[in-house]
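J.: Okay, predicted coordinates and the sequence, questions at the end:
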Amino acid sequence: MDDLFSIRGKTALITGGSRGIGRMIAQGFVEAGARVYICSRKADACEKAAAELAAFGDCVALPGDVATVEGCEHLGASFAEREERLNVLVNNAGTSWAAPIEQFPDWAFDKSFAVNVKAGFHMTRVLLPALRRAATPEDPSRVIMIGSVEGDRVPEWESYSYSTAKAAVTMLGRHLATRLARDNITVNTIAPALFMTEMTRFMFEEGGPGEKIYDVIPLRRSGTPLDMAGTAIFLASKASSFITGAVIPLDGGLGSKG
């Protein structure tokens, strides 16, 4: 059973890995014995996070901007200079914006789709050779997409571009899963509800919408780093080898309420 849930010795790359949900997954992977590359647009933040995570195991900074095709291809080339195989790719990089419909900017849609959707596609595409080399029928390579409960339900705040992009992430994950199954690569999506990150910090402030959310989440709490890391580790381990194209709701039961 220890081997079934183990990711020890695997190589993983996590976009947006210097903070938030990406950082939670990175620390879980590092502590579980994986060699982890974290990517972030800000080189200083990426190097700092990697140095901190290196206290728990093997973590390497790989700065880069996934908001453009060129940035994704540069990251893929940088990884290829260091590793021949990639066992796990976590497409986590994301961005959000909320504003009343009358003031909602067009650029928010462009940025949201570039980072939340297109980056996941292009990173998977450019890293496909490394994923294929690591894949076996018994233990496929893994692509883990980070979606959101907002991709399946309308939130109370007006996050038009973010919610729509996360719905697209879910479909992209299913599309990739169908195509990449022949290469022994699984693709699954984690759809989190409320987690404390830099992006959601305002929701936890006094009088913020976080308290109201607790009223509709059956487990009446937000997610923790261990919740996120545990789910990602399961999807990266042999225990999930026969799961692909799935959306895992990491939402405290929120989705069960419709």
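T.: All right, it came through fine. Everything numeric here is computed off the predicted structure, so don't read it as measured data. Numbering: from 1, shown residues only.
J.: Ala55 - how many residues pack around it?
T.: When neighbours are counted by other Cβ atoms under 10 Å, Ala55 registers 9. The way it works is simple: take the backbone N, C-alpha and C, and place the C-beta from them, glycine included.
J.: distance of it from Glu31?
T.: Computed as Cβ to Cβ, to the nearest Å, the Ala55 to Glu31 distance reads 10 Å.
J.: correct me, but Leu254 touches Tyr214?
T.: No. Taking Cβ atoms under 8 Å as the definition, Leu254 is not a contact partner of Tyr214, at 10.5 Å.
J.: Between the two, which is the more surrounded one?
T.: Neighbour count, other Cβ under 10 Å: between Leu254 and Tyr214, Leu254 has more, with 21 against 13.
J.: ok, the more buried one to Met171 distance?
T.: The spacing between Leu254 and Met171, counted by Cβ to Cβ, is 20 Å.
J.: which non-adjacent residue is nearest Ile146?
T.: Excluding its sequence neighbours, the residue lying closest to Ile146 (Cβ to Cβ, 6 or more residues apart in numbering) is Asn92, at 4.4 Å.
J.: quick one, what contacts the one you found?
T.: Listed by Cβ atoms under 8 Å, 6 or more residues apart in numbering, the contact set of Asn92 reads Ile14, Thr15, Gly16, Gly17, Ile21, Gly22, Ile25, Ile144, Ile146.
J.: what packs against the strand or helix carrying Met145?
T.: In the assignment (DSSP states H and E), Met145 maps to strand 141-146. Applying 3 or more Cβ pairs under 8 Å, 6 or more residues apart in numbering; DSSP states H and E, we find strand 141-146 packed against strand 88-91, helix 128-134, helix 160-180, strand 185-192, helix 225-236.
J.: Give the residue farthest from the middle of this protein.
T.: Largest separation from the mean C-alpha position in the chain: Glu102, at 30.8 Å (Cα atoms, centre = their mean).
J.: how would you label that one: helix, strand or coil?
T.: Following DSSP: H, G, I helix; E, B strand; the rest coil, we place Glu102 in the helix state.
J.: pLDDT value on it, please?
T.: At Glu102, the pLDDT value in this model is 93.
J.: what's the angle between the strand holding Met145 and helix 225-236?
T.: Calculated by axes from the mean of the first three to the mean of the last three Cα atoms, to 10 degrees, strand 141-146 forms an angle of 140 degrees with helix 225-236.
J.: And the residue nearest the centre of the chain?
T.: Closest residue to the average C-alpha location of the chain: Asn92 at 2.7 Å, with Cα atoms, centre = their mean.
J.: mind pulling up the phi and psi values for it?
T.: Main-chain torsions, Asn92, degrees, to the nearest 10: phi -110, psi -20.
J.: That one and Leu86, how far apart?
T.: According to Cβ to Cβ, Asn92 and Leu86 sit 15 Å apart.
J.: same check, this time on Arg142
T.: Counting by Cβ to Cβ, the gap from Arg142 to Leu86 is 9 Å.
J.: cool, Ile101 as well?
T.: 41 Å.
J.: So if I had to pick from those two, which one is more boxed in?
T.: Shown here are Ile101 and Leu86; by other Cβ under 10 Å, Leu86 has more neighbours (26 against 7).
J.: I figured Val69 hits His122, correct?
T.: Yes. The pair Val69 / His122 is scored as a contact, 5.5 Å apart, by Cβ under 8 Å.
J.: can you confirm Glu150 is in a helix?
T.: Yes. The assignment for Glu150 (three-state DSSP) places it in a helix.
J.: so it makes contact with Ser161?
T.: No. Taking contacts as Cβ under 8 Å, Glu150 lies outside contact range of Ser161: 10.8 Å.
J.: which of these two has more neighbours?
T.: Set side by side, Glu150 and Ser161 show more neighbours around Ser161, with 24 against 20, by other Cβ under 10 Å.
J.: pLDDT value on that one, please?
T.: Ser161 carries a pLDDT value of 91.
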